[in-house]
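Chemist: Dropping the sequence and predicted coords here.
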Amino acid sequence: MSNSKAEGFVSLVLRRWGHVLRYLGRPLRTLEPCVGVGGFREWAQQSRSPYDGSGAYDTDPALQAFYTRLADKNAKVLGVNIGKADGDVLRVNPKELPDSEILVSGPPCQPWAGTGLRQGDMDERSEVYGAVITWILEMAGRGCLVLFLVENSPNLLRTTFFRQLVQELEVALPHFALDVSVHDCHTLLPMRRERLYLRGLRRDCLPVAGTVPRPLGMLDMPHPICLFEMLCEGEPNTDPSSMTEKRRQNLKRYEEMVKKDLLRGHAGCVACLELDRDPDKEFMGRVTYDAIPSLRTSGPAIFMFTTDDMHLNWQQQFLHRYLTDEERFVFQGHRATYHDYFSTLTASRQAAGNAYCTLQLAAMLQPMLMRAVVSGAMSAEPPQRLSRKRQVEIELQGMHEQTFAPGTLLGSPTRPKKRCRKAGPAEHEETLAFRGPLTPNTDNVIELD
C-alpha cells in the first residue's frame, strides 16, 4: 500500500533542494558506477530535471527488470548499462569513458560491512572501489571533473586500504578540496544508517582557502519528520501466532527489554527491532527507538510496536507489525511502487538494502553543486575541459591553500559521536542530538537568477 504522505514529503524536499538542477536546465554529465536503483536519477526526476543515465553502470541483472519497467520499454531508453557484460566497472577502460563533470558512486560495502565477511581488500569486490578512484583520477586529469562523491560502509574508514586511496587523491588532485565524513541518515529521516562519504570539489568552485561545504540537515527541511509519517496507512497489525517459534521468542525478549526501558524512562514511542536476531546473543540484537535500523541486502524482518500501549492485546495496539517491502523503498527516498518493479521479492529487498538514501545523497551533493554554479564552473552551457594552463593554476593554488600535509586528511575525519549499541539511556538521550545541525546551512542560501 502506497504512502502518499511520506512520498509527498520526501518529494517536496528533493524538489526544494533540486532548484540548482532546474537552474542548470540540462542533464548533467554524470558517471555512476554501481548505480543500483539510482539515487541521483531519483533526485533529478523528483526535481523535474532532465537526466542522462548513459554513465550509469551496475552488474546486478535483477536491475534490468527495474529499469525496463521504469523506462516503460527497456533499460537503454535511460542509457543505463546493466548486467555482467555491459555494467561491470572492472571491464570498462577509463580512457574510453566520455567526459563527465560529476561522479557519484556507492561501491560494494560487503568487504567492510559489519554484516559481511570483512575480508577487506582481500575480497575481490573491493577492486570496484579502487576502479572508481581510477575513474576519478581520469576525469580530473582531463580537466572536466568538477565534483565527486563516493559512499560506503563507515568501517572502511579504519582500513589501510582506504587511507592509501585517500593519500593517492591528496597527492594527485591538489586542485580539489577533499572531505571525509561519516554521516547518519537519522539527521534527515527516522532511520539509523551511518555511511562513509568521500567528497571532492574542484578549488575554483571555492573561495580562497575554502573547504568542501557541509551537507544540508534537518533545519534545511520544511519540518522534521517522525516515524509514523513514513509508514503506510492502513497496514494491519501482525498476529504473533503467525510468526515462527524463534521470532516469537525473540519478540518476548525484546518486549522485556522495552519494559525495563519504560520503567527507567528511556523508551521512545516506537520500538524497532530485527526479529531474526536474539537480543541476548547475536550481533546487532538491539532495540532502536523512533527510528528503524539500517536496511540491508538480506532484508531481515524489521518489526515495530508502540510502547505506551504494549500492555494491550496485539490487535488493540496502535502499531504492531513488520516494516513492509514498499516502506523499505520509501525510507530510502524512493517511490513505494518500486517494489513491484522487480521480478522477485529477494531482488526487491536486495535493491532496497543496496540503495543509498536519495535524501541523504541530495544533502551531501546540493551544497557542492551550488558552489559549482555560483563560481561559474557549471552553467547551462555544455561543460568544457579546463585548459592545461588553468588546471595548473588551480593546482598551484590548491598546493598553497592546503592546510594539511598529504596523508593527514584522515587524522580527524568528521564523524558523529558513537552511540550505545543496546537499548538504554544513551540510545534514547541522543535521539534528538542526531537530528541535524543546530542552524540551517546558510552557506547555500544563494539566489539564482
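Modeler: Sure, I can see it. Numbering: from 1, shown residues only.

Chemist: Okay, strands next: where are they in the stretch 51-200 of the chain?
Modeler: For the stretch 51-200 of the chain, the strands defined by DSSP state E, counting those that start in this stretch occupy 56-58, 81-82, 102-105, 147-152, 176-184, 194-202.

Chemist: excluding its backbone neighbours, what's nearest residue 395?
Modeler: Distances taken as C-beta to C-beta, 6 or more residues apart in numbering put residue 175 closest to residue 395, at 4.3 Å, once the chain neighbours are dropped. (Glycine included, C-beta is placed from N, CA and C.)

Chemist: my guess is residue 132 contacts residue 107, does it?
Modeler: Yes: contact between residue 132 and residue 107 holds when scored by C-beta atoms under 8 Å: they sit 5.5 Å apart.

Chemist: Which neighbours do these two have in common?
Modeler: 33-34, 150 (C-beta atoms under 8 Å, 6 or more residues apart in numbering).

Chemist: which stretches of the stretch 101-250 of the chain have low pLDDT?
Modeler: Applying pLDDT under 70 to the stretch 101-250 of the chain flags the ranges 113-123.

Chemist: repeat that with 90
Modeler: 108-126, 158, 207-210, 218-219, 222-225, 229, 232-234 (pLDDT under 90).

Chemist: Where do the helices of it begin and end?
Modeler: Here the stretch 101-250 of the chain has its helices, by DSSP state H, counting those that start in this stretch, at 126-142, 160-172, 227-230, 245-264.

Chemist: Please identify the most buried of these.
Modeler: Mean neighbour count (mean count of other C-beta atoms under 10 Å) peaks for helix 126-142 among those, with a mean of 20.

Chemist: how big is the angle separating it from strand 194-202?
Modeler: Interaxial angle of helix 126-142 relative to strand 194-202 (axes from the mean of the first three to the mean of the last three C-alpha atoms, to 10 degrees): 20 degrees.

Chemist: so what does helix 126-142 touch, helix or strand wise?
Modeler: The contact analysis (3 or more C-beta pairs under 8 Å, 6 or more residues apart in numbering; DSSP states H and E) places helix 126-142 against strand 30-33, strand 102-105, strand 147-152, helix 160-172.

Chemist: Mind listing the strands the second one pairs with, and their directions?
Modeler: Sheet pairing of strand 102-105 (DSSP bridges) gives strand 30-33 (parallel), strand 147-152 (parallel).

Chemist: Same list (the ones you listed) but as a markdown table, adding mean neighbour count and distance to residue 362.
Modeler: A markdown table is the format used below for the strands paired with strand 102-105 (neighbours: other C-beta atoms under 10 Å; distance: least, C-beta to C-beta, whole Å):
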| stretch | mean neighbour count | distance to residue 362 |
| --- | --- | --- |
| strand 30-33 | 24 | 14 |
| strand 147-152 | 24 | 11 |
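
Chemist: roughly how far out does stretch 51-66 sit from the chain middle?
Modeler: How far stretch 51-66 lies from its chain's middle: 17 Å, per C-alpha atoms, centre = their mean, to the nearest Å.

Chemist: what's the closest of the helices of the stretch 101-250 of the chain to residue 93?
Modeler: helix 126-142 (9.5 Å; C-beta to C-beta).

Chemist: what's in contact with that closest one?
Modeler: By C-beta under 8 Å, 6+ apart, helix 126-142 touches 31, 33-34, 89-90, 92, 94-95, 97, 99-100, 103, 105, 107-108, 111, 120, 145, 148, 150, 152, 156, 161, 165, 168-169, 172-173, 175-176, 200, 385.

Chemist: Now distance to residue 370 too, for the strands of the stretch 51-200 of the chain, in a markdown table please.
Modeler: As requested, the strands of the stretch 51-200 of the chain are exported to a markdown table (distance: least, C-beta to C-beta, whole Å):
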| stretch | distance to residue 370 |
| --- | --- |
| strand 56-58 | 23 |
| strand 81-82 | 29 |
| strand 102-105 | 13 |
| strand 147-152 | 11 |
| strand 176-184 | 15 |
| strand 194-202 | 11 |
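
Chemist: among the ones you listed, which is nearest residue 307?
Modeler: Of the strands of the stretch 51-200 of the chain, nearest to residue 307 by C-beta to C-beta is strand 176-184, at 22.5 Å.

Chemist: now for the closest one, which elements pack on it?
Modeler: helix 160-172, strand 194-202, helix 358-375.

Chemist: now these in a markdown table, with distance to residue 328?
Modeler: A markdown table is the format used below for these (distance: least, C-beta to C-beta, whole Å):
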| stretch | distance to residue 328 |
| --- | --- |
| helix 160-172 | 28 |
| strand 194-202 | 16 |
| helix 358-375 | 13 |
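
Chemist: between these, which gets nearest to residue 310?
Modeler: Of all the helices and strands packed on strand 176-184, it is strand 194-202 that lies closest to residue 310, at 28.4 Å by C-beta to C-beta.

Chemist: Domain parsing of this structure, as residue ranges.
Modeler: The chain breaks down by automatic domain parsing into domains covering 4-222+354-418, 227-335.

Chemist: so can I have a markdown table of the ones you listed showing distance to residue 348?
Modeler: Shown next, in a markdown table, are the domains of the chain (distance: least, C-beta to C-beta, whole Å):
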| stretch | distance to residue 348 |
| --- | --- |
| domain 4-222+354-418 | 8 |
| domain 227-335 | 6 |
